[in-house]
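Peer 1: This is a predicted model, with the sequence first.
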Amino acid sequence: MIASPTPTTTGPARAVRKAVVPAAGLGTRFLPATKATPKEMLPVVDKPAIQYVVEEAAAAGLDDVLMITGRNKRAIEDHFDHALELEQTLAAKGDTVRLDAVRDPARLADIHHIRQGEPLGLGHAVLCARRHIGDQPFAVLLGDDLIDPRETLLSRMLDVQGRYAGSVVALMEVPADQIHLYGCAAVEATGEQGVVRVTGLVEKPAPERAPSRYAVIGRYVLDPAVFGVLERTAPGRGGEIQLTDALQDLAAGGTVHGVVFDGLRYDTGDKAEYLRTVVRLACDRPDLGPGFTAWLKEFVAGLAGGGDGALDGTGGHLAA
């Protein structure tokens, strides 16, 4: 067994300040809603999904965010820009609450946008960021994975990368019958609780071929060495350049670690999970939760009781 590297103790740590958010996907699972609206802009309660991701990056101290977009994604750029006419109207009305809500996206970080050009996979999207990132480690946050704002996963990953160097991936244990939906990691213990060394990665393996039940979820802190590997990585599964394949190459050199996460994560890339996410986050909101939860309980009770379950906003059943 190869010993895991000990945390780096020599030389100054290169602080991670930049994040990459790939957002060039077509969102075909949500058609027709995503025909003219980017899937990343679908609302989760009252904010688009991608805003939660940028807020997570900003909360972890990342103040430079690069969006990798594609055609028909202009709404993303507009959302993270100032809307002067709307801001002036709200200011004139003295509506400071909504004014702050409108201004907040543009104030989260220095946000930049480039286009991927061709849908050649996540690995290619990350490679598109090379000129902007330079030779510094950086984070990658996938917009389909929302991490609950109360969690500190990204900050933990940044801490691990600062001590061990190399690259860090987020891992989550999933049922065996779901591992084929994810990249899967083979791991070794490091002696540190919740941190493992990744010895291999397989993209969406059949359950019987999976090296573990540790799925790679959509958070990465990557060493810039990944760019050189991605340049020589041939298209893999689905004819796309897979980030998993590049990380497999780095893992063979012993430079990839994993942070095991068992907190609250929401998958907004699936219709049913998207709906569950909206309900969960709405229930947690102090301004919406009490009333919405009361209505939800009555609604579910109506379903269990064999009623039609259709309630109006006051809790009463709607007329057929």
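Peer 2: Looks like it arrived, so ask away.
Peer 1: Give me the average confidence score over the top helix by length along the chain.
Peer 2: In the chain, assigned by DSSP state H, the helix with the most residues is helix 289-304. Helix 289-304 carries an average pLDDT of 93.
Peer 1: same for that helix, what does it pack against?
Peer 2: Counting contacts by 3 or more Cβ pairs under 8 Å, 6 or more residues apart in numbering; DSSP states H and E, helix 289-304 packs against helix 271-284. (C-beta placed from N, C-alpha, C; glycine too.)
Peer 1: Please state the offset of the helix it packs on from the chain centre?
Peer 2: 16 Å (Cα atoms, centre = their mean, to the nearest Å).
Peer 1: and what of stretch 36-53?
Peer 2: Chain-centre distance of stretch 36-53: 12 Å, with Cα atoms, centre = their mean.
Peer 1: buried residues in that stretch?
Peer 2: The neighbour-count check on stretch 36-53 (16 or more other Cβ atoms under 10 Å) flags 37-42, 44, 47-53 as buried.
Peer 1: Out of those residues, which is nearest to residue 300?
Peer 2: Of all the buried residues of stretch 36-53, the one sitting nearest residue 300 is residue 44; the distance, using Cβ to Cβ, is 21.0 Å.
Peer 1: Would you check that that closest one makes contact with residue 144?
Peer 2: No - using Cβ atoms under 8 Å as the test, residue 44 is too far from residue 144 to be in contact (11.6 Å).
Peer 1: Do you know the pLDDT at residue 182?
Peer 2: Listed pLDDT for residue 182 reads 89.
Peer 1: Which residue, other than its chain neighbours, is closest to it?
Peer 2: Using Cβ to Cβ, 6 or more residues apart in numbering and skipping residues adjacent in sequence, the residue nearest residue 182 is residue 215, 3.5 Å away.
Peer 1: And for residue 51?
Peer 2: That would be residue 105: by Cβ to Cβ, 6+ apart, it lies 5.8 Å from residue 51.
Peer 1: Poorly predicted segments of the stretch 201-320 of the chain, please.
Peer 2: Filtered on pLDDT under 70, the stretch 201-320 of the chain yields the residue ranges 306-320.
Peer 1: now do 90
Peer 2: Along the stretch 201-320 of the chain, the parts satisfying pLDDT under 90 run over 202-205, 207-209, 233-240, 242, 267-270, 303-320.
Peer 1: try the stretch 1-150 of the chain
Peer 2: Scanning the stretch 1-150 of the chain for pLDDT under 90 picks out the ranges 1-15, 24-28, 34-36, 70-73, 117-121, 143-144.
Peer 1: quick one: the strands in the protein?
Peer 2: Secondary structure of the chain (DSSP state E): strands at 18-22, 43-44, 47-48, 64-69, 110-115, 138-141, 145-147, 167-173, 183-189, 195-203, 214-222, 256-260, 265-267.
Peer 1: can those strands go into JSON lines with extra columns for distance to residue 282?
Peer 2: Putting these into JSON lines (distance: least, Cβ to Cβ, whole Å) gives the following:
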{"stretch": "strand 18-22", "distance to residue 282": "24"}
{"stretch": "strand 43-44", "distance to residue 282": "9"}
{"stretch": "strand 47-48", "distance to residue 282": "12"}
{"stretch": "strand 64-69", "distance to residue 282": "26"}
{"stretch": "strand 110-115", "distance to residue 282": "27"}
{"stretch": "strand 138-141", "distance to residue 282": "23"}
{"stretch": "strand 145-147", "distance to residue 282": "14"}
{"stretch": "strand 167-173", "distance to residue 282": "24"}
{"stretch": "strand 183-189", "distance to residue 282": "31"}
{"stretch": "strand 195-203", "distance to residue 282": "34"}
{"stretch": "strand 214-222", "distance to residue 282": "22"}
{"stretch": "strand 256-260", "distance to residue 282": "29"}
{"stretch": "strand 265-267", "distance to residue 282": "12"}
